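Undergrad: my questions concern the predicted model and sequence given below.
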Amino acid sequence: MTNSAIAVTGLRKAYGDKTVLDGIDLDVRAGTVFSMLGPNGAGKTTTVNVLTTLIRADGGTARVAGLDVATEARDVRALIGVTGQFAAVDDLLTGEENLQLMADLHHLRADEGRRVVASLLERFELAESARKMASTYSGGMRRKLDLAMTLVTRPQIIFLDEPTTGLDPRSRRTMWAIVRELVADGVTVFLTTQYLEEADQLADQIAVLDQGRLVAEGTPDELKRKVPGSHVRLRFADLAALDGAARVLTGASADEAALTLRAPSDAGVRSLRALLARLDEHSIEVEEFSVHTPDLDDVFLALTGHASTEVVAP
């Protein structure tokens, strides 16, 4: 694989007169987590379906692991794994049997299949429940089993389409830990989610999709810096220092009771150094400072003109 695990140019898809994807461009680096963020109906699942060869785009190009998804679909499928919003496990089989079925379908040798199944059961903390029917599994266990089934073939790229929807907070964090382990092993993860916190925690790069259009892309911190509201909070030892700082940093707002000053800032390292240097020039000592930036919900609101439809975890 080249450094680009997924490369998309001008991708378009419409159903009748409804445009679902309106010419999006993406470049996903290998060995990273790329998160596509957006509300229901934004086009996230359609993007995943195109990239995983489940549907054909109406226009544009998409390459996964260097392969064209339209003309080399069979080869693409051999290199990827897909886990959707709803666990695709067989309730009539045990957890172990579900994994063994995947091993058999991919023609793993009997000894290798058994080894892979045992390893995945252990890795996903399902060993104690391995011989219980999947119908008895909790939502978090089913989702872990579903992802484990995806990993039987050791895919280079994994597509996780809203994998933690409906899970309790503990199960969500377990899934986050698994995603981090996968990336540490060199796997590329393409994650779609409605959970803003999830994208913030996991993603190296985020693309914000709204009504089929890519409205922004960058690291979580880069996106937050695009939104007004970033500021530095400075605390001083006494009122004299606070007053002095307020005179130097015009535009800052003071809280005399807390001996703090709130100064607008883009939260970048260069800006912070310049701000502290100005205070130092006037021999004003700062007891402590903290940087405050907008969260991804603020980003989404600023970029799209409406709040996200983030699902609140139970």
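TA: Received it, and whenever you're ready, just let me know what you need.

Undergrad: give me the average confidence score over the lengthiest helix in the chain.
TA: Identified as the longest helix of the chain according to DSSP state H is helix 169-184. Helix 169-184 shows a mean pLDDT of 90.

Undergrad: helix or strand right after it?
TA: Sequence order places strand 188-193 as the next helix or strand after helix 169-184, per DSSP states H and E.

Undergrad: so the residue located most distally from the centre of the chain is in which element?
TA: Distance to the chain centre peaks in the chain at Ala240, reaching 45.7 Å (criterion: C-alpha atoms, centre = their mean). Secondary structure assignment for Ala240, by DSSP H and E: helix 239-248.

Undergrad: kindly report the same for Pro294.
TA: Short version: Pro294 belongs to no helix or strand, going by DSSP H and E.

Undergrad: how about the contacts made by it?
TA: Lys224, Val227, Pro228, Gly229, Ser230, Ala302 (C-beta atoms under 8 Å, 6 or more residues apart in numbering). To be clear about C-beta, it is placed using only N, CA and C from the backbone, and glycine gets the same treatment.

Undergrad: report all helices and strands that the strand or helix carrying Arg115 contacts.
TA: Per DSSP H and E, Arg115 falls inside helix 110-123. Applying 3 or more C-beta pairs under 8 Å, 6 or more residues apart in numbering; DSSP states H and E, we find helix 110-123 packed against helix 95-105, helix 139-150.

Undergrad: please repeat the previous calculation with a cut-off of 6 Å.
TA: helix 95-105 (3 or more C-beta pairs under 6 Å, 6 or more residues apart in numbering; DSSP states H and E).

Undergrad: now the angle from the helix holding Arg115 to helix 139-150?
TA: Orientation of helix 110-123 against helix 139-150 (axes from the mean of the first three to the mean of the last three C-alpha atoms, to 10 degrees) gives an angle of 150 degrees.

Undergrad: starting at the chain centroid, how far to helix 110-123?
TA: Helix 110-123 sits 28 Å away from the centroid of its parent chain (C-alpha atoms, centre = their mean, to the nearest Å).

Undergrad: I'd like the average pLDDT over it.
TA: Mean pLDDT, helix 110-123: 95.

Undergrad: buried stuff in it?
TA: Neighbour-count burial for helix 110-123, counted by 16 or more other C-beta atoms under 10 Å, picks out Gly113, Val116, Val117, Leu120, Leu121.

Undergrad: measure the closest residue to Met102 other than its chain neighbours to Asn49 for me?
TA: Of all residues beyond its chain neighbours, the one nearest Met102 is Val152 (4.3 Å), with distances taken as C-beta to C-beta, 6 or more residues apart in numbering. As judged by C-beta to C-beta, to the nearest Å, Val152 and Asn49 stand 22 Å apart.

Undergrad: same drill for those two, tell me which one is more crowded.
TA: It is Val152, of Val152 and Asn49, that has more neighbours when counted by other C-beta atoms under 10 Å, with 23 against 19.

Undergrad: nothing else from me, thank you.
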